[in-house]
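Undergrad: Fold the following for me, if possible:
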Amino acid sequence: MNQGKYQKWAQENNFESKLPGNVKKHKADAEHAVQTWDQDLREKKLNKCVIKYTDKVFRKAAIEWLVATDQVQ
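TA: Residues are numbered from 1 along each chain as shown. Presented below is the predicted three-dimensional model:
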């Protein structure tokens with residue numbers, strides 16, 4: 001079986017090609033994905049502006065959440 005037929009078969013059958021060039025590409029793609037995730041997982045600094053808790057603020061936030069999640073009857 002030549003490479004062209006194998007690659008066509010692998011693609012049509014949702015099979016990950018095990019040819020050396022394809023394996024290297026899959027590894028490189030996976031490494032790139034991990035690097036991207038690492039960038040997203042950096043610790044973020046907290047905002048210094050903290051809204052004080054009050055029943056009024058909680059009620060407003062609860063109503064906004066109920067409306068946003070379509071739970072209002």
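
Undergrad: pull the helix or strand with minimum mean pLDDT from this protein.
TA: Taking mean pLDDT, DSSP states H and E as the measure, helix 20-40 is the helix or strand of the chain with the lowest mean score, a mean of 79.

Undergrad: Outside of that helix itself, list whatever touches it.
TA: Under the criterion C-beta atoms under 8 Å, 6 or more residues apart in numbering, residues 7, 16, 17 lie in contact with helix 20-40. In this view, the C-beta of every residue, glycine as well, is placed from N, C-alpha and C.

Undergrad: how about a cut-off of 10 Å?
TA: Helix 20-40 is contacted by residues 3, 6, 7, 10, 16, 17, 18, 19 when judged by C-beta atoms under 10 Å, 6 or more residues apart in numbering.

Undergrad: got the contact list for the fourth one?
TA: With contact taken as C-beta under 10 Å, 6+ apart, residue 10 is in contact with 16, 17, 18, 19, 22.

Undergrad: quick revisit: and the least confident helix or strand of the chain, how far out from the chain middle?
TA: Here the centre of mass of C-alpha atoms in helix 20-40, compared against the chain's by C-alpha atoms, centre = their mean, to the nearest Å, lies 15 Å away.

Undergrad: need the next SSE after that helix, C-terminal direction.
TA: helix 55-68 (DSSP states H and E).

Undergrad: Burial check on residue 48, number of neighbours?
TA: Applying other C-beta atoms under 10 Å, we find 5 other residues in the vicinity of residue 48.

Undergrad: between the contacts of residue 10, which is nearest residue 42?
TA: Within the contacts of residue 10, distances to residue 42 taken as C-beta to C-beta reach their minimum at residue 16, with 30.8 Å.
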